[in-house]
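Asker: Sequence plus the predicted model coming up.
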Amino acid sequence: MKPHYHVITLFPEMFTALSGFGVSGRALRNGLCDLKLWDPREFTQDAYRTVDDRPFGGGPGMLMLAEPLDLALTAAKTALRAAGVDQSRMVYLSPQGRRLDHALVLELATEPGLILLAGRYEGIDERVFQRHPLEEVSIGDYVLSGGELPAMVLLDSVIRHLPGALGDADSAKEDSFADGLLDCPHYTRPEDYQGLKVPPVLLSGNHAAIRRWRLKQALGRTWQRRPDLLQDRRLSPEEQDLLDEFRRAQEA
Ligand SMILES: NC(=O)c1ccc(N[C@@H]2CC[C@@H](O)C2)nc1
């Protein structure tokens, strides 16, 4: 059953960046999933279609009003139920959230429905969280002007895991983070670019040696750049040997 992704956003046109290009665009076009955008402004009842107001207690900027968000979230839930999806995970993108990582992406990729709330201004009225079981998710420790780009980052990474989204060739791209390591270096034609050569093993046709070389490079890079990832990852005897080889070569 294809997953249904619903996003509450004041700027639905931004989402052509996801729906109009590449892997995510093809997945949507091919019906591997669908995307529905809900503009809170459509759920206002005043003549000025007001979606924001000043914060109680003072302070800079504006906040998104609870009512238009509450009505839009409820509309999305109702649409999902009509499509046969009873329980959808509801996510609010914010720097206060759980960090998005491979594990969370895999979890979200199994959901038949997702409702994402992309905020603007300084944020949203807290009472929205009392009306809806929103989980907060962050794509990193920095502040953005809106939740739309984080929503698209989340959806792009999730869509890549849907069956059929990636051809077999591309799915290798997932392998590195899937096995808890950084990616190895990549090379394509020409064999000699401005005097810079391709590692001979990659031209050897010896697939066992190529696999080992790539694994060694991935282990070495992870050790150099993200040793924290190696904390949580047991190494096989072969992997330990390859990493030792890499480190000895570094020290030589
Ligand atoms: N790091 C992140 O994932 C992130 C998410 C949202 C965001 N900004 C929005 C604008 C107002 C409020 O809704 C939150 N910034 C950073």
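Answerer: Sure thing, it's come through. Numbers count the residues shown, from 1 in each chain.
Asker: Can you tell me which residues in this protein are near the ligand?
Answerer: Residues of the chain lying close to the ligand (Cβ under 6 Å from any ligand atom) are 93-95, 119-121, 123-124, 138-140, 142-144, 146-147, 150. For every residue, glycine as well, the C-beta is placed using N, CA and C.
Asker: Can you select the buried ones from the residues you listed in PyMOL?
Answerer: Applying 16 or more other Cβ atoms under 10 Å to those, the buried members can be selected in PyMOL as follows:
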select buried, resi 93+94+119+120+121+123+124+138+139+144+146+147+150
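Asker: Could you list which of the residues of the chain next to the ligand belong to strands?
Answerer: 93-95, 138 (DSSP state E).
Asker: OK, contacts around the closest residue to the ligand within the stretch 101-250 of the chain?
Answerer: Here the residue of the stretch 101-250 of the chain nearest the ligand is residue 119; by Cβ to the nearest ligand atom that distance is 2.1 Å. By Cβ atoms under 8 Å, 6 or more residues apart in numbering, the residues touching residue 119 are 64, 92-94, 146-147.
Asker: cutoff 7 Å now
Answerer: Residues near residue 119 by Cβ atoms under 7 Å, 6 or more residues apart in numbering: 64, 92, 94, 146-147.
Asker: what do you get for residue 64?
Answerer: For residue 64, the contact set (Cβ under 7 Å, 6+ apart) comprises 51-52, 119-121, 124-125.
Asker: residues near residue 107, how many?
Answerer: A count of neighbours around residue 107, defined by other Cβ atoms under 10 Å, yields 11.
Asker: ok so it is a helix residue?
Answerer: Yes - Residue 107: assigned to a helix according to DSSP: H, G, I helix; E, B strand; the rest coil.
Asker: Now the spatially closest residue to residue 15 that is not a sequence neighbour, what are its backbone angles?
Answerer: Leaving aside its chain neighbours, residue 15 sits nearest to residue 37 (5.9 Å; criterion: Cβ to Cβ, 6 or more residues apart in numbering). Phi and psi for residue 37, reported as degrees, to the nearest 10, are phi -110, psi 140.
Asker: Give the rounded mean pLDDT of stretch 183-196.
Answerer: Per-residue pLDDT over stretch 183-196 has a mean of 98.
Asker: re the thing from before, now render the contacts of residue 64 as JSON lines, adding pLDDT.
Answerer: Listed next are the contacts of residue 64 as JSON lines, based on pLDDT from 0 to 100:
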{"residue": "51", "pLDDT": "98"}
{"residue": "52", "pLDDT": "98"}
{"residue": "119", "pLDDT": "98"}
{"residue": "120", "pLDDT": "98"}
{"residue": "121", "pLDDT": "98"}
{"residue": "124", "pLDDT": "98"}
{"residue": "125", "pLDDT": "98"}
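Asker: Most widely separated two among those?
Answerer: 120 and 125 (12.9 Å; Cβ to Cβ).
Asker: State whether residue 184 is indeed within a strand.
Answerer: No - counting by three-state DSSP, residue 184 is located in no strand; its state is coil.
Asker: before we move on, the earlier item: would you format the ones in strands among the residues of the chain next to the ligand as CSV with pLDDT included?
Answerer: As requested, those are exported to CSV (pLDDT from 0 to 100):
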residue, pLDDT
93, 99
94, 98
95, 98
138, 98
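Asker: biggest separation within the residues you listed, which pair?
Answerer: 93 and 95 (8.9 Å).
Asker: how would you label residue 247: helix, strand or coil?
Answerer: Assignment for residue 247 (three-state DSSP): helix.
Asker: who's in contact with it?
Answerer: So residue 247 contacts residue 223 (Cβ under 7 Å, 6+ apart).
Asker: So it versus residue 188, what's the distance?
Answerer: Per Cβ to Cβ, to the nearest Å, residue 247 is found 28 Å from residue 188.
Asker: Ok, residue 242 next?
Answerer: Counting by Cβ to Cβ, the gap from residue 242 to residue 188 is 24 Å.
Asker: Those two - which one has more neighbours?
Answerer: Using other Cβ under 10 Å, the more surrounded residue of residue 242 and residue 188 is residue 242, with 21 against 8.
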